[in-house]
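Asks: dropping the sequence and predicted coords here.
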Amino acid sequence: RKEVEQDPGPFNVPEGATVAFNCTYSNSASQSFFWYRQDCRKEPKLLMSVYSSGNEDGRFTAQLNRASQYISLLIRDSKLSDSATYLCVDLNTGTASKLTFGTGTRLQVTL
Amino acid sequence: NAGVTQTPKFRVLKTGQSMTLLCAQDMNHEYMYWYRQDPGMGLRLIHYSVGEGTTAKGEVPDGYNVSRLKKQNFLLGLESAAPSQTSVYFCASSWGGGELFFGEGSRLTVL
């Protein structure tokens, strides 16, 4: 089983829609999680951290469910510019701060 | 402010040839990483370094070597390139937390 698993999509949604992605992780000892965004043929960039209490940044909300070992990303009022691949990331601080990346979920926002 | 710079950005090799990818960061980060990204596989860690003069193996180290003689530079070497090493290579650096700063990537094709 992969350490971090994501639905590859693509998720095709109209502009203005709300869309949610889930990501499951296998290491119950993992403490820190993140969402990265990667545009086509570009490098990944940090979108937001995921805290146990939830984390909101504008139209984006990230949540962590430790009991079920998944994290989620909710995007409200989708924009065309949100079209990208969203990578779920597990930070394993017990092994020299190695980040484990999911394979990503592709989002395509259309008019 | 350059951030993380990778060279070269594109390279085509023949099977058996050798090459070195150079990564340079100007943020004084202790941690540096080399990832490869392949379709459907996500980002996979090749080697990483937690400081000048140190290196360690990641998830897929076979066929690669690295060196970190200076804090700001992290070199990835392919001694005898194979078609299976055709990929996009990303270098990244960090303070050790969840925010990695990536270079723009190096696209390598091995014929």
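Replies: Structure's in. What do you need?

Asks: quickly run through the sheet partners of the lowest-mean-pLDDT helix or strand in chain A, with directions.
Replies: Within chain A, confidence by mean pLDDT, DSSP states H and E is lowest for strand A:98-101 among all helices and strands, at a mean of 86. Neighbouring strands of strand A:98-101 in its sheet, by DSSP bridges, are strand A:84-92 (antiparallel).

Asks: who in chain A is up against chain B?
Replies: Applying Cβ under 8 Å from any Cβ of the partner chain, we find that chain A lies next to chain B at A:8, A:32-34, A:41-46, A:49, A:87, A:89, A:91, A:96-104. Heads up, the C-betas are built off the backbone N, CA and C, glycines and all.

Asks: so what's the closest residue to B:Lys70 other than its chain neighbours up against?
Replies: Take B:Lys70 and drop its neighbours on the chain: the residue closest to it by Cβ to Cβ, 6 or more residues apart in numbering or on different chains is B:Glu52, 6.5 Å away. Shown in contact with B:Glu52 (Cβ atoms under 8 Å, 6 or more residues apart in numbering or on different chains): B:Arg68, B:Leu69, B:Lys70, B:Lys71.

Asks: now, of the residues you listed, which are buried?
Replies: Buried by 16 or more other Cβ atoms under 10 Å in any protein chain shown: B:Arg68, B:Lys71, out of these.
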